[in-house]
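Participant: give me a model of this one.
(chains A and B)
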Amino acid sequence: MKIILLLIGVSLVLALGFLFAFFWAVKDGQYDDDHTPSMRMLFEDDNKTK
Amino acid sequence: MLKEINIQTKCDHCGETCDETGPLNFCCNGCKQIYLLLKDSDLTQYYDIEKHPGVSRYNIVPEDLEYLKETDAVLKILSFRDEKLSKVNFKLPAIHCASCLYLLENLPKLHAGISNCTVNFLEKKAYITFEHDQIELFELVSLLYKIGYEPELNFSKLHEEKNTTVDRSLLLKIGVAGFSFGNIMLLSFPEYLGFADAASSYYLGYINILLALPVFFYSGYGYLSDAVKNIKQGNLGIHVPLAIGMITLFLRSVYEILSTTGEGYLDSFAGFVLFLLIGQWFQDFTKKSIAFDRDYRSYFPIAIQVLSENSWISKSIDKIEVDEIIKVRSGEIIPCDGELIAGNAQIDYSFVTGETTPKSMSIGEPIFAGGKQTSSSIEIKVSKTVDQGYLTQLWQESPFKEAKSSKAELLLNNISKYFTWTILAIATLTFLFWIFVDVSTAFRSITAVLIVACPCALALSVPFILGNATRILGKKEFYARSTETLEKLLDIDTIVFDKTGTITENKSMNAAFIGNPLSATDRDIIFSVTSQSSHPLSTAISQEINGTLRSVSNYVEVPGKGIIAECEGKLVKIGSASFILGAENNDERNVIIEMSHQIIGHYTFEKKLRRNISNIITNLSSYKLALLSGDNERERSRMKEIFPEGAVLNFEQSPKDKLKYIKELQANGASVMMVGDGLNDAGALKQSDVGMVVSEDNNTFTPACDAIISSDRLAGFIQILDYVKKLKVALIGAFIIAFLYNFIGLGFAVTGNLSPIVAAILMPTSSITIMVYGLLVSKWLSLKLL
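Facilitator: Alright, predicted model coming up:
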């Protein structure tokens, strides 16, 4: 049964990783504006042709 | 690209019709300049994303941006500045399509000094970073002007709070609660299904406590502190039973796990906090591009021309001192009280009084802040600084200082008071019953009662029903500040209207001719002459006649007085009484027509009524109605026709009178809604229980208020009121559902049989039922809205 505790530990570490990724995304401002990026992605990327 | 010659072409920049018929057409030089500028910088994709994305450059008046060279003003406008970089954010009301976004985000290509520009489309804001040794703020602003995006620059910009950090804690709290809820649930499964042996359930319990700690101390902290606040105010609002439930759930679970007497309810606990937070997040939705909190500062320009040692310099208006001489140009708002010393003053006081016919002033007369000069420039000697002015004093009145206190207790709070006492009573009774049988069962059942009676579902009903209704109404162009506005709308029994801009339209006027009937030629003559002028009264006359144009010669317009011209061989004079008769103190509102030295009659004017207004008012006759107008008595007979018998009609009301009237109504126990549009209603809007502003379009300034309705939607206002009333029934339905779940739970609890698995099923089910019910019912009821 010890193995289950190891697995729980691993899964918690993984989940914590995702929680921190979420924190980082929120603090980075990714959730402040959820409309503009959807429009921005449609533009041609002409920076590279220059 | 093929183009038919006969078809009217559209400007490739802004879409206005124009006369050119080349491969590329522009309605005016301004549009062409923008095109060339963008072409040089390789940004023609602007024209591929949307058709005719530009804003017409036809009517744009170049602004005086000199004041942006002052370091003082610059520092106030910038949000950040170091040795190299400056940051600034502007609201650009012209943002309307994907092309706008593309162009603005490519600003760095137009000027090397701009290092970055990020647009928030919904807020219509651009966040710009630039190197100030390469491009100064005023150059940046003139570049924005040049490409057609004028930033909103007014006095309030100088008072904006700097570096406001966005509050993102709600999202973080939801993240933490979601993380803990998921993991605790996962770890509780073995227990529920009977797989766990004693040893592992021991560890699992400890991990669950660790996971629940951040939920209690971080995610749920707000509810606990709100409950403490409520208790201190002697108000048993919804937060009190919520906090009792939370604390009992948490402490009992921790006790059970540590004493190995059970597995606890930590999954229910985390889920309960998570659902509450989701409800709060759902309710917090507001339309970001709409500002509900504007004050007089938003109406004033940042800077004005001031005479300093024989030359005009521009100075920011909070620095203007008494006895300085300022120059107010046509179309500008007068920022402070003073005395007219030069120029032809034609002042439109519609912001302040609601009266739009410009008032003539002679030299030496006092001029009040808030008026708009409609004729050529005037010079004013300042007698009071901006904060001391007539208009700004309204903001010193009490309603602007204290937060709105709601007389009407909100529905949910009312219910939860009784709810809290009932629960405490049931809990005590249960405890007293069991204490004589078995002490441990007594403790188990009293905690179970407090847990299961926790009004989580009840607390979710308002966010989901009214929150969703706010969104739905937003799509119908009725913008409520918050769900609280909708709740207050339920209790309204009196509706007070402002006249100008609410009952009548703001801009257009009806002209009526009084005199002998005009011949067709004379009508055409008057039409042709008045068509030449852009004065509002001329426009009203030419719209009324709408004849055929004849050629007009020797046209002379004396601003604020009248017109002299020749047409069809007749000398025509059209203008005010003093202009034509040379008389003094005549009614300036009438326009007299003289042809070949003979007066043939005059025009009178009245504001056009809003379409269907009498229907709208009749539909509202179940409410007590009143009208407050800054205008004089001459409109009384017309208003009497619109308003039902018994409605109070008050004229010549100053902004302070309006405010006082609302206060009196409230003192007599009425719940008042004020419908208005301008600064002259600002006090009344703020004082009333629900202040609603009628707005012609979303970009115009509106004073501080609780709700904004688009003027096209005013006809549907009765339906909105009706919808809100039905929502009340829906809310009561939600309360009943929530209580039912509480009763089922209580059945388990009073007998001491609330097992963790029952709680784990019951609590989320009740929350989800209310969410789904709330979304569906608010949508379903809205189907009848036009």
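
Participant: where's the closest residue to B:Ile325 other than its chain neighbours, which helix or strand?
Facilitator: Excluding the flanking residues, the one nearest B:Ile325 by CB to CB, 6 or more residues apart in numbering or on different chains is B:Leu307, at 4.2 Å. All C-beta spots, glycine's among them, are computed from the backbone N, C-alpha and C. Element membership of B:Leu307, judged by DSSP states H and E, is strand B:303-308.

Participant: quick one: pLDDT of the residue nearest to B:Ile325?
Facilitator: Looking at B:Leu307, its pLDDT reads 82.

Participant: mind listing what's buried along the strand holding B:Leu307?
Facilitator: Judged by neighbour count (16 or more other CB atoms under 10 Å in any protein chain shown), strand B:303-308 contains these buried residues: B:303-306.

Participant: convert it to PDB, retaining C-alpha atoms only.
Facilitator: What follows is strand B:303-308, C-alpha atoms only, in PDB (Å, rounded to 0.1, in the frame of the first residue of the first chain):
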ATOM      1  CA  ALA B 303      -5.600  73.400 -20.500                       C
ATOM      2  CA  ILE B 304      -6.800  76.800 -21.600                       C
ATOM      3  CA  GLN B 305      -5.200  79.900 -23.000                       C
ATOM      4  CA  VAL B 306      -4.100  82.300 -20.400                       C
ATOM      5  CA  LEU B 307      -2.800  85.900 -20.900                       C
ATOM      6  CA  SER B 308       0.700  86.200 -19.500                       C
END
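
Participant: tell me what that strand is packed against?
Facilitator: strand B:311-316, strand B:325-328 (3 or more CB pairs under 8 Å, 6 or more residues apart in numbering or on different chains; DSSP states H and E).

Participant: that strand pairs with which strands?
Facilitator: Using DSSP bridges, strand B:303-308 pairs in its sheet with strand B:311-316 (antiparallel), strand B:325-328 (antiparallel).

Participant: deepest of these, which one?
Facilitator: Most buried of those, by mean neighbour count (mean count of other CB atoms under 10 Å in any protein chain shown): strand B:325-328, with a mean of 20.

Participant: moving C-terminal from it, which element do we reach first?
Facilitator: Scanning onward from strand B:325-328 (DSSP H and E), the first element met is strand B:338-342.

Participant: now that next one: average pLDDT?
Facilitator: Mean pLDDT, strand B:338-342: 87.

Participant: and stretch B:624-636, how far apart are its ends?
Facilitator: End-to-end distance of stretch B:624-636 (CA to CA, to the nearest Å): 18 Å.

Participant: other SSEs contacting the helix or strand hosting B:Asp226?
Facilitator: If you go by DSSP H and E, B:Asp226 is part of helix B:221-232. Judged by 3+ CB pairs under 8 Å, 6+ apart, helix B:221-232 is in contact with helix B:239-258.

Participant: can I get stretch B:669-679 in PDB, CA atoms only?
Facilitator: Only the C-alpha atoms of stretch B:669-679 are listed here, as PDB (Å, rounded to 0.1, in the frame of the first residue of the first chain):
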ATOM      1  CA  GLY B 669     -40.600  57.400   2.000                       C
ATOM      2  CA  ALA B 670     -40.500  57.200  -1.700                       C
ATOM      3  CA  SER B 671     -38.000  55.100  -3.600                       C
ATOM      4  CA  VAL B 672     -37.000  57.300  -6.500                       C
ATOM      5  CA  MET B 673     -35.600  56.700  -9.900                       C
ATOM      6  CA  MET B 674     -34.100  59.700 -11.700                       C
ATOM      7  CA  VAL B 675     -33.900  59.700 -15.500                       C
ATOM      8  CA  GLY B 676     -31.600  62.400 -16.800                       C
ATOM      9  CA  ASP B 677     -28.800  63.000 -19.200                       C
ATOM     10  CA  GLY B 678     -26.500  65.900 -18.200                       C
ATOM     11  CA  LEU B 679     -24.300  67.500 -15.700                       C
END
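
Participant: helix/strand/coil for the closest residue to chain A within the stretch 201-350 of chain B?
Facilitator: When scored by CB to the nearest CB, the stretch 201-350 of chain B has B:Tyr203 as its residue closest to chain A, at 5.9 Å. Counting by DSSP: H, G, I helix; E, B strand; the rest coil, the backbone at B:Tyr203 sits in helix.

Participant: just give the nearest non-adjacent residue to it, would you?
Facilitator: Spatial nearest neighbour of B:Tyr203, excluding adjacent residues (CB to CB, 6+ apart): A:Leu5 at 5.9 Å.

Participant: surely the one you found and B:Ser200 touch.
Facilitator: Yes. With contact defined as CB atoms under 8 Å, A:Leu5 counts as touching B:Ser200 (6.8 Å).

Participant: neighbour-wise, which of the two wins?
Facilitator: B:Ser200 (18 against 14; other CB atoms under 10 Å in any protein chain shown).

Participant: so which elements touch the helix or strand where the more buried one lies?
Facilitator: Following DSSP H and E, one finds B:Ser200 within helix B:198-214. Under the contact criterion of 3+ CB pairs under 8 Å, 6+ apart, helix B:198-214 touches helix A:2-27, helix B:169-193, helix B:239-258, helix B:266-283.

Participant: orientation of the second one relative to helix B:239-258 in degrees?
Facilitator: With axes from the mean of the first three to the mean of the last three CA atoms, to 10 degrees defining the directions, helix B:169-193 sits at 40 degrees from helix B:239-258.

Participant: chain center to helix B:169-193: distance?
Facilitator: 38 Å (CA atoms, centre = their mean, to the nearest Å).

Participant: for it, which positions count as buried?
Facilitator: B:170-185, B:187-188, B:190-192.

Participant: can you tell me which of these are up against chain A?
Facilitator: Contacts with chain A within these, as defined by CB under 8 Å from any CB of the partner chain: B:171-172, B:175-176, B:179, B:182-183, B:187.

Participant: where are the low-confidence patches of the stretch 1-150 of chain B?
Facilitator: Scanning the stretch 1-150 of chain B for pLDDT under 70 picks out the ranges B:1-8, B:19-21, B:30, B:55-65.

Participant: in it, which residue sits nearest chain A?
Facilitator: Closest point on the stretch 1-150 of chain B to chain A, by CB to the nearest CB, is B:Phe121, at 4.3 Å.

Participant: how many residues are close by the closest residue to B:Phe269 other than its chain neighbours?
Facilitator: What sits nearest to B:Phe269 in space, not counting adjacent residues and going by CB to CB, 6+ apart, is B:Leu249, at 4.4 Å. Neighbourhood size, B:Leu249 [other CB under 10 Å]: 27.

Participant: B:Leu249 and B:Ile451, how far apart?
Facilitator: 5 Å (CB to CB, to the nearest Å).

Participant: what is in contact with those two at once?
Facilitator: Jointly contacting B:Leu249 and B:Ile451 under the rule CB atoms under 8 Å, 6 or more residues apart in numbering or on different chains are B:265, B:268.

Participant: contacting residues for the closest residue to B:Gly182 other than its chain neighbours?
Facilitator: Leaving aside its sequence neighbours, B:Gly182 sits nearest to A:Ala15 (CB to CB, 6+ apart; 7.3 Å). Applying CB under 8 Å, 6+ apart to A:Ala15 gives the contacts B:179, B:182-183.

Participant: let's see 10 Å
Facilitator: Contacts for A:Ala15 (CB atoms under 10 Å, 6 or more residues apart in numbering or on different chains) come out as B:179-180, B:182-183, B:186, B:211.

Participant: lowest-pLDDT helix or strand in chain A?
Facilitator: Across the helices and strands of chain A, the lowest-confidence element by mean pLDDT, DSSP states H and E is helix A:36-40, at a mean of 84.

Participant: elements contacting it?
Facilitator: Contacts defined by 3 or more CB pairs under 10 Å, 6 or more residues apart in numbering or on different chains; DSSP states H and E place helix A:36-40 against helix B:98-105, strand B:114-120.
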